[in-house]
Structures are given as C-alpha cells and as structure tokens.
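>>> my questions are about this predicted structure, shown below with the sequence.
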Amino acid sequence: MGKVFILQPSESVSPTHPWLPPGNALYILEKSNEGYSPTALRAFLNRPHPLETLSQRAAYGSEGSVLRDHDSKNYVKAVNGVLRQHTKLIVRKARIQRRSVWPVLTSAGRGLNGNLTTTEEIMTRV
C-alpha cells in the first residue's frame, strides 16, 4: 500500500488522459514522495468524472467507452506497449555499448617485431 500505478494505453486503444502526455506509459505515485497530494490524486481520477462519462449514450454498447475501458484485452495491449518501449531502450543501450567496445576488441595493434598486425577476434557475439 502506498503506491498508485497509472497505466496509460496508446491513443489507438483509448483516448489519453488530459493531464498526461500522449503515448503508452506506466506512472507510479508514491505516498512517501515529497509533493504527493491525495487531493491531486482524487482530482486526477475524477477527470473526466465517472458520472459525466456514464451520462453519455455513446458510453454504452459494443463500441462504448465503458466496455473499452474495462476490457482486459486493452490492459494487455497497454502493458505490452510499455514493455515494448522498455525493451527498445535496453536493446538500444546494449547496441551502443557493443559498438563502443567492438572496435577496441578487434583493433589493429603492433606485433612484437613492430609490424602492424590485426589482433585476434575476442568475441563472436554480444
């Protein structure tokens, strides 16, 4: 207890919250953090107000926001979107690190007799 997780799906699945930037994201609010406000959290959760949403006729039916926002498939899509973004960051960091280390491992060096020789390849895969 003490943490609130906010999972925002992509715009293709559901409209974004007006107070959050667009795109897949997972936000964590901790009560122990400085600046936490229960009033701000209540205001966030009530925007738009649930009764405002339920009063609209378009909220109901197979294409309505009530079904869309409570469909477990949409939660899976949102979680997969966040995981995909995180995986891309990790892969990108590994690729940058590999590119910075690889030239050092296969660089040319001077042999014992002073001739320019290529060192043996140390790694075949990263």
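Happy to help now that I have it. Numbers count the residues shown, from 1 in each chain.
>>> quick check: longest helix in this protein by residues?
Secondary structure of the chain per DSSP state H: the longest helix is helix 72-105.
>>> which other helices and strands contact that one?
The helices and strands touching helix 72-105, judged by 3 or more C-beta pairs under 8 Å, 6 or more residues apart in numbering; DSSP states H and E, are strand 3-8. (C-beta placed from N, C-alpha, C; glycine too.)
>>> which other helices and strands contact the strand it packs on?
strand 25-30, helix 72-105.
>>> please repeat the previous calculation with a cut-off of 6 Å.
Here strand 3-8 touches strand 25-30, going by 3 or more C-beta pairs under 6 Å, 6 or more residues apart in numbering; DSSP states H and E.
>>> can you list the buried residues in the strand it packs on?
Under the neighbour-count criterion of 16 or more other C-beta atoms under 10 Å, strand 25-30 has 25, 29 buried.
>>> low pLDDT regions in the chain?
For the chain, applying pLDDT under 70 flags the ranges 1, 102-126.
>>> residues touching the residue nearest to the spatial centre of it, list them.
The chain has residue 82 as the residue nearest its centroid, 3.4 Å off, counting by C-alpha atoms, centre = their mean. Residues in contact with residue 82 (C-beta atoms under 6 Å, 6 or more residues apart in numbering) are 24, 26.
>>> please apply the same query to residue 92.
For residue 92, no contacting residues are found, by C-beta under 6 Å, 6+ apart.
>>> same deal with residue 75?
Contact analysis of residue 75 by C-beta under 6 Å, 6+ apart lists nothing.
>>> let's see it at 10 Å
7, 9, 13, 69 (C-beta atoms under 10 Å, 6 or more residues apart in numbering).
>>> run the angle between the longest helix of the chain and strand 25-30 for me.
Helix 72-105 runs at 100 degrees relative to strand 25-30, counting by axes from the mean of the first three to the mean of the last three C-alpha atoms, to 10 degrees.
>>> begin at 23, not 1, for the rest of this chat.
Taking 23 as the first residue, the last one we looked at is helix 94-127.
>>> all set now, cheers.
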